[in-house]
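J.: fold the following, please.
(one chain, ligands or ions: 1)
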Amino acid sequence: MFIDKLEQRQRQVNSLLCVGLDPQPTKIEALGINLLPWLKNIIDATADHVCAFKPQIAHFSAMAAEQPLTDIIQYIHQNYPDIPVILDSKRGDIGSTAERYAEEAFGRYQADALTVNPYLGGDTLSPYTQYKDKGVVVLCKTSNQQSGQLQDLVLQSGQPLFLQVAQLAAQYWNNNQNILLVVGATYPEQLAAVRQQVGDMPLLIPGIGAQGGDLAATLEAGLRSDGLGLIISASRSVIYAGDGTDYAKQAEMAAEQLKMDINHFRTH
Ligand SMILES: O=C(O)c1cc(=O)[nH]c(=O)n1[C@@H]1O[C@H](COP(=O)(O)O)[C@@H](O)[C@H]1O
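T.: Sure thing, here's the model as predicted:
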C-alpha cells in the first residue's frame, strides 16, 4: 500500500519532505553534465532527507527524456527501495483513456503514485484507484495564483468547489483507501478547511520555496495529531539551490535545512 510505504518512510527518517524532480535543460547544460548523471547526483545527495521523490513528467517529455525518466525511477527503486516515487502527471480523461494513463504511470514508469485531475468526475478516477497498492493524488486546491477562478467557486450547497472535491474524495471515491489530495502551501486557510473535511487523509503540499508558501501556517493548518499527514514538496528551491560544481552539496544542504524547518514547526 502506497500510504503505508510513505508513512513508514516518514517515520523512519523523521521527514515530511518530498523533493520534486523538475529538470530544466538550460540549467543542467550549464553544469556540463548529462541529465541522468545529474538526476542520480541530486537523488544521492538528498535521499537521506526525503520521504518521497516526485518527478514531473512534462519536464522530461518536453525534451524527449522518457528513457531517463524510466531509468531514474528504476534507480530510486533499486538504490532506495523505501522511498516512494510520485509521478506528477496530472492526468484527467475519460475512463478508457485513463486506463492507458494508469498503465503509463504504474506499468511503464513503475511509479508508486501519480497525480490526477478530478475535473472529469469520479468514474474517470477508478482506473487509477483500482490499483490498490498505488497512490492516487487528486488535485483539490492548487498552489497557483488564479486557482480560485474555478476551484473557489461557491456551489449551490454553499461550499466551494475545492471542498466538494475533498468531500467526494473522502466519501465516495476512496473505496480502496489509496487517495491523497493536493493542496498548495500558498493557501493555508483552504488547507485547514480541507483537513477538516477529509479527516486523516494524507495531503501533498507543493508551493514551499520558489512559490513562497508559508511553512508555519501550512503545518499549523494541515498536520495531523500524529505529526504526519502531509507531504511537503519542493522542487526548484532544492534542486537548483546551487548552480556551480557543488550543486549536489547545495541541494543536500537545502533539503536538510527544509527538513529541519518542517520538523521545527512539527514540534512547536
Ligand atoms: O501536483 C503538483 O505537484 C503541483 C500542484 C500544485 O498545485 N502546484 C504545483 O506547483 N505542483 C507541482 O509542484 C512543483 C513545484 O515546483 P517548485 O515551485 O519549484 O517547488 C511543480 O512540479 C509543479 O508542477
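
J.: next up, the contacts around the nearest residue to D152 once chain neighbours are set aside.
T.: Once flanking residues are discounted, D152 sits nearest to P160: 5.0 Å by Cβ to Cβ, 6 or more residues apart in numbering. Using the backbone N, CA and C atoms, a C-beta is placed for each residue, glycine as well. Taking Cβ atoms under 8 Å, 6 or more residues apart in numbering, we find P160 in contact with 151-154, 190.

J.: neighbours of the residue of the stretch 1-150 of the chain found nearest the ligand, how many?
T.: Here the stretch 1-150 of the chain gets closest to the ligand at one residue, T142, 3.2 Å apart by Cβ to the nearest ligand atom. Look at T142: counted by other Cβ atoms under 10 Å, it has 21 neighbours.

J.: from K40, how far out is it?
T.: Distance from T142 to K40, counting by Cβ to Cβ, to the nearest Å: 30 Å.

J.: what of S61?
T.: Using Cβ to Cβ, S61 is found at 20 Å from K40.

J.: now A254
T.: Computed as Cβ to Cβ, the A254 to K40 distance reads 18 Å.

J.: who has more neighbours out of the two?
T.: More neighbours surround A254 than the other of A254 and K40, with 23 against 17 (other Cβ under 10 Å).

J.: what residues does the protein have near the ligand?
T.: Within the chain, the positions lying close to the ligand (Cβ under 6 Å from any ligand atom) are 20, 22, 56, 88, 90, 115, 142-143, 182, 184, 206-207, 209-211, 233-237.

J.: keep only those of those that are in helices.
T.: The helices, defined by DSSP state H, take in 236-237 from these.

J.: from the residues of the chain next to the ligand, list the buried ones, please.
T.: Neighbour counting by 16 or more other Cβ atoms under 10 Å classes 20, 22, 56, 88, 90, 115, 142-143, 182, 184, 206-207, 209, 211, 233-235, 237 among the residues of the chain next to the ligand as buried.

J.: does the residue nearest to D152 have beta-bridge partners, and which?
T.: V154 (DSSP bridges).

J.: let me know the pLDDT of it.
T.: We have a pLDDT of 98 for P160.

J.: also H268?
T.: 71.

J.: same check, this time on R108
T.: 98.

J.: tell me the SS of L180?
T.: Under DSSP: H, G, I helix; E, B strand; the rest coil, L180 falls in the strand class.

J.: select only the buried ones of the contacts of P160 in ChimeraX?
T.: Only the buried entries of the contacts of P160 go into this ChimeraX selection, using 16+ other Cβ under 10 Å:
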select :151,190
